[in-house]
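Colleague: Pasting the sequence and the predicted model now:
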Amino acid sequence: RLYNRYRIASGWRWAVRLREAGIESVCIKGLAAAATIYPESGLRAMADADLLLRTRDLGPALQFFLSQGFAVGQEPTRHSWGFIGDASAEPLISPEGSNIDLHRHPDAWPLHKGLSTEAVMAASRNCSTMEGEIRVPCREHQLLIAASNAARDLFDPPSLKLLIDGAFILMRQDGAGTALDWQEVERRAAAGDSLRGLRSYLSLIGMLGFDLSDVPARLRSGPSDPGAWLLRSIAAELGSGRFGDPEQDHVLGHKLLREVLLSASLRTVLWRNIARLSGLARPNRGMLADLQ
C-alpha cells in the first residue's frame, strides 16, 4: 500500500504540474480509480501513471517531461512483435523512478472509434487530491477504458486490478446519486467494436461474486460455449488467487483462443495480428520517436 500511495501521489503530482505548464490531460486507469472509486487510494495496485492528452499536446508534454529530467524508458516486453503502440507511448521515467505513460487514445484500437479522446476530455471533471486538482473521466468512460484494457490483456492475472476497478465503479453512484448510463456505455462499446470484451469483462466481475443486478442482461450474458467454459476457467483461476507465475506467457494458440472467444471481434483480431506481423519487417519505434 505504501508503494501504491507513492506511485499514485507521484502521478497526480505530475498531472498537476503538467496542467500548471498549460497542458491539459486527463488521468485515466489507476490514477483516476484511486482518486474516485477506492475507499483508500493505496488499495489500488499501481505500476505506471497514465495520462490522456490530445495528439497536438504530445510533443509539448514530452518536452516538458524531458526538461524535468525524465528519460524515455525501454521495456523488454515492448519489442517489434506484439507492441502495436497505437494508443500509448513508451514510458517516461524520472530520476526518482516516477513512471509516466502518455496516451493519445483512451485505449488500444479500436475503442477510440467509439470513445475518442475529445469525448473523454469533454465529459471529464475536476477531482481534488492531496497533490492538487486533476481531471478524471466520467464513470461510464472509466468503465469502458477498464473493460477494454482488461480484454486487451486477455483477462490474465494482471487484469484483476481492472476487474476490481469495474466492481467499484458498479457499486458507486456519482455525487448526484445517478446510476450509470448503460445506453451510452453500450453505444460507445458497439461503435468501438468492443462489445465482446465488455460482455466478458462484466460477466467475469459477476463470476467473482459481485452484484450485477444493475447491469442490463444483454451486457452481462457473456459469451456462449466454448467461450463460456473458458471464462469460467479464468474466473476460477482469478478467484483462487493461485496464478502461478504471472509473468509466464501463454502459448500463442491459447492467446489467440482468448482473443477470439472473449476479447475482440474477428476483424479486430485480424487487424492486431497484421500489425504485429508488420513489426517483424519494420519494427515499431514507438510514438515518442517521431516527437524527439
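Modeller: That came in fine, so what should we check first? Note that the structure is a prediction, hence the values are computed from the model and not measured. Residues are numbered from 1 along each chain as shown.
Colleague: Helix, strand, or coil at the residue lying closest to Leu208 once chain neighbours are set aside?
Modeller: Spatial nearest neighbour of Leu208, chain neighbours left out: Gly239 (5.6 Å); criterion: CB to CB, 6 or more residues apart in numbering. All C-beta atoms are positioned from the backbone trio N, CA, C, and that covers glycine. Here Gly239 is recorded as helix under DSSP: H, G, I helix; E, B strand; the rest coil.
Colleague: got the contact list for Gly239?
Modeller: Residues in contact with Gly239 (CB atoms under 8 Å, 6 or more residues apart in numbering) are Met207, Leu208, Gly209.
Colleague: okay, now the first one: neighbour count?
Modeller: A total of 18 residues lie near Met207 under the criterion other CB atoms under 10 Å.
Colleague: can you pull the contacts of it?
Modeller: By CB under 8 Å, 6+ apart, Met207 lies in contact with Leu231, Arg232, Ala235, Gly239.
Colleague: Distance check, it against Gly239.
Modeller: The spacing between Met207 and Gly239, counted by CB to CB, to the nearest Å, is 8 Å.
Colleague: Which residues outside the longest helix seen in the chain are in contact with it?
Modeller: In the chain, ranked by residue count with DSSP state H as the criterion, the top helix is helix 2-20. Helix 2-20 has contacts (CB under 8 Å, 6+ apart) with 25, 27, 30-31, 34-35, 41-51, 61, 64-65, 68, 94, 96, 98-100, 129-135.
Colleague: ok, and the closest non-adjacent residue to Val260?
Modeller: Spatially, and ignoring its direct neighbours in sequence, Val260 is nearest to Val269 (5.7 Å; CB to CB, 6+ apart).
Colleague: Please report phi then psi for the one you found.
Modeller: Backbone torsions for Val269, taken as degrees, to the nearest 10, come to phi -60, psi -40.
Colleague: still on that earlier bit, which of the contacts of Met207 ranks first by neighbour count?
Modeller: Counting neighbours by other CB under 10 Å, Leu231 comes out on top of the contacts of Met207 with 22 neighbours.
Colleague: That residue is in what secondary structure piece?
Modeller: Per DSSP states H and E, Leu231 falls inside helix 227-240.
Colleague: ditto for Ala275
Modeller: Ala275 belongs to helix 266-281, assigned by DSSP H and E.
Colleague: for the record, mean pLDDT for the longest helix of the chain?
Modeller: The average pLDDT within helix 2-20 is 95.
Colleague: Would you mind listing the buried residues in it?
Modeller: Buried positions in helix 2-20, judged by neighbour count with 16 or more other CB atoms under 10 Å: 4-5, 7-16, 18.
Colleague: Which helix or strand lies directly C-terminal to it?
Modeller: Where DSSP H and E defines the elements, the next helix or strand beyond helix 2-20 is strand 26-28.
Colleague: What residues of the helix or strand following that following strand count as buried?
Modeller: Going down the chain from strand 26-28, the next helix or strand is helix 30-36, by DSSP H and E. Under the neighbour-count criterion of 16+ other CB under 10 Å, helix 30-36 has Gly30, Leu31, Ala32, Ala33, Ala34, Ala35, Thr36 buried.
Colleague: before we move on, what about stretch 47-63?
Modeller: Using 16+ other CB under 10 Å as the test for burial, stretch 47-63 gives Asp48, Ala49, Asp50, Leu51, Leu52, Leu53, Asp57, Leu58, Ala61, Leu62.
Colleague: Pull the most distant pair out of the residues you listed.
Modeller: Greatest spatial distance in those: Asp48 and Asp57, 18.6 Å, computed using CB to CB.
Colleague: follow-up on the earlier one: can you tell me which of the buried residues of helix 2-20 comes closest to Leu162?
Modeller: Closest approach to Leu162 among the buried residues of helix 2-20 (CB to CB): Asn4, at 14.8 Å.
Colleague: State the distance from that closest one to Ile93.
Modeller: Between Asn4 and Ile93 the distance is 18 Å, computed by CB to CB.
Colleague: Same question for Gly197.
Modeller: 30 Å.
Colleague: Compare these two (neighbour count), which wins?
Modeller: Applying other CB under 10 Å to Gly197 and Ile93 shows that Gly197 carries more neighbours, namely 28 against 18.
Colleague: give me the element the more buried one is part of.
Modeller: Per DSSP H and E: Gly197 is located in helix 195-207.
Colleague: Tell me if I'm right that Asn99 and Val72 touch.
Modeller: No. If you go by CB atoms under 8 Å, Asn99 and Val72 don't touch, sitting 11.6 Å apart.
Colleague: and for these two, which residues touch both?
Modeller: Residues touching both Asn99 and Val72 (CB under 8 Å, 6+ apart) are Pro91, Leu92, Ile93.
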